[in-house]
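let me see the structure of the following:
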Amino acid sequence: MLVVSAKGRRSALGLFAVLVYLIFGQIFAPGFTHYWGFHLAQTLAILATVLALETLLLPEGGLSWPTHLLTVVVTAADTLGTAGDLYHSFDLYDKIIHFSSGATVAAISYDILTAMHRRQRLSLGSGVRLALAVAASFILAGLGWEAYEHYGDVIFSTDRVQSRVDTIHDLISNVCGSILAASVLWVREAAVRAPATDLSRVSMDRVREQRKG
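Alright, predicted model coming up:
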């Protein structure tokens, strides 16, 4: 049974809106994007992944809100980028998407590692989790995405792979995005943890004073 947080429901609604856009766009303007099947399959896969992770991570509150925001925005931006031909009309658009997708996968990875740490299945400091999230993003959203684009070209004729230099620039964009996203979540976790630590210290001080009294 799927059980999701309020954040998860909002993300599902956002991704469902992308699906509605694709379906109605194809009905009323057939061929409005040359990559309709590609984006439909991609959005369905992302929606299924979000719902699955929300259910698995529900005890920890699900995925963090920055992760949800990134997921919906990047999915919509990629879809609109092809439908509106932004990849060709705006040179930096492709790099922005690679930067953002790297950030999204790093954020998801950091959330998963943090949940496993809290469940005591892994004992990892926040700095180690940050590094692992960046590495996971490079493998999945970097190398994996390049393979994904290659097979997207082969199966759906998306014409995304340009050259080796372009691929290298894509990977650099991915790494920069993953570092930024993981760092933001690391700082966010530290900010949440700090007040709790201070409160714990105050409580301990009060206990000591009561014992002395």
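
for Ala135, give me the pLDDT.
pLDDT, Ala135: 97.

please apply the same query to Met1.
At Met1, pLDDT is 65.

cool, and Asp153?
Value listed for Asp153 in the pLDDT field: 69.

and Leu124, what element?
For Leu124, there is no host helix or strand (DSSP states H and E).

ok, now which ones touch it?
If you count contacts by Cβ atoms under 8 Å, 6 or more residues apart in numbering, Leu124 has them with 113, 116-117, 132. Heads up, the C-betas are built off the backbone N, CA and C, glycines and all.

now do it against Leu140, distance only.
18 Å (Cβ to Cβ, to the nearest Å).

and what of Ala107?
12 Å.

before we move on, what about Ser123?
23 Å.

the two - which one has more neighbours?
Set Ser123 next to Leu140 and count neighbours by other Cβ atoms under 10 Å: Leu140 wins out with 19 against 8.

is it true that the more buried one touches Val105?
Yes: proximity of Leu140 to Val105 meets the contact threshold set by Cβ atoms under 8 Å, at 5.2 Å.

which member of the contacts of Leu124 is positioned nearest Ile27?
Among the contacts of Leu124, Leu113 lies closest to Ile27 (Cβ to Cβ), at 41.7 Å.

name the residues of the strand or helix carrying the closest one that are buried.
For Leu113, the host element (DSSP H and E) is helix 93-118. Neighbour-count burial for helix 93-118 flags 93-117 (criterion: 16 or more other Cβ atoms under 10 Å).

many thanks, we can stop here.
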